[in-house]
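Student: I need the structure of the sequence given here:
(chains A and B)
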Amino acid sequence: GAVVSQHPSWVICKSGTSVKIECRSLDFQATTMFWYRQFPKQSLMLMATSNEGSKATYEQGVEKDKFLINHASLTLSTLTVTSAHPEDSSFYICSAIEGTDTQYFGPGTRLTVL
Amino acid sequence: GQQLNQSPQSMFIQEGEDVSMNCTSSSIFNTWLWYKQDPGEGPVLLIALYKAGELTSNGRLTAQFGITRKDSFLNISASIPSDVGIYFCAGGIGGSQGNLIFGKGTKLSVKP
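Tutor: Down below sits the predicted model:
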């Protein structure tokens, strides 16, 4: 199947700093990518839909000014957590839709905010 | 909003046993997908179902898209130790796999 990568795989940062997470589709072009967060022992919660060349669509309750999404190319979407706080600590997972409408997930990024 | 009820929440398996889990919803979905997630990793797609009544197999895994489009089940036959992990069902709204709604997961562990 198609491969989606994320970088970094884990990051620890101080409260108040910003963190950028990259999501890449390695062997296919993805006009649509998704960003999820997952708390321990819980399911995936969709945060936003990232569309190449246009603004992201955020789910209800997700602050667009805090979670900045940029989908500048058909193979890269970035999620920037601005002014991170401890409650933002979570597992962030991206996914990308391959041409056949199959959604493939990245390996996730563990964010810990001290 | 739309919700998926996935059961059981957890189960213990002994090697060789068959395993069954299911997801139900009060809402209709156009696609049903089953994923497996290992600790610290992203979900891996196991089976995708696109049509009501569809029964699809992937090795020892079999999944069905319910006729009512409100449910799906996943069966694992002759389980092996590497089957442990968390299995998630996901319902797709709209015409594609975008906007997936995930179940809360079924955790498979090895029977002590």
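Student: up against chain B, what does chain A have?
Tutor: A:1, A:4, A:6, A:32, A:34, A:42-46, A:49, A:91, A:93, A:95, A:97, A:101-108, A:110 (Cβ under 8 Å from any Cβ of the partner chain). In this view, the C-beta of every residue, glycine as well, is placed from N, C-alpha and C.
Student: of these, which qualify as buried by neighbour count?
Tutor: Neighbour-count burial (16 or more other Cβ atoms under 10 Å in any protein chain shown) applied to the residues of chain A next to chain B gives A:4, A:6, A:32, A:34, A:43-46, A:49, A:91, A:93, A:95, A:97, A:102-108.
Student: and those residues, which of them are in strands?
Tutor: The members of these that map onto strands under DSSP state E are A:4, A:6, A:32, A:34, A:44-46, A:49, A:91, A:93, A:95, A:97, A:103-105.
Student: of all those, which comes closest to B:Thr106?
Tutor: Taking Cβ to Cβ as the measure, B:Thr106 sits nearest to A:Leu44 out of those, at 14.1 Å.
Student: how far away is the most centrally placed residue in chain A from chain B?
Tutor: Nearest to the geometric centre of chain A sits A:Trp35, at 3.8 Å (Cα atoms, centre = their mean). From A:Trp35 over to chain B the distance is 12 Å, taken as Cβ to the nearest Cβ, to the nearest Å.
Student: give me the low-pLDDT residue ranges for chain A?
Tutor: The model of chain A has pLDDT under 70 over residues A:1, A:99-101.
Student: cutoff 80 now
Tutor: Applying pLDDT under 80 to chain A flags residues A:1, A:98-102.
Student: helix or strand: which one has A:Cys23?
Tutor: Element membership of A:Cys23, judged by DSSP states H and E, is strand A:19-25.
Student: just want the angle from that strand to strand A:90-97.
Tutor: Between the axes of strand A:19-25 and strand A:90-97, defined by axes from the mean of the first three to the mean of the last three Cα atoms, to 10 degrees, the angle is 30 degrees.
Student: list the neighbouring strands of strand A:19-25 plus their orientation.
Tutor: strand A:4-7 (antiparallel), strand A:76-81 (antiparallel) (DSSP bridges).
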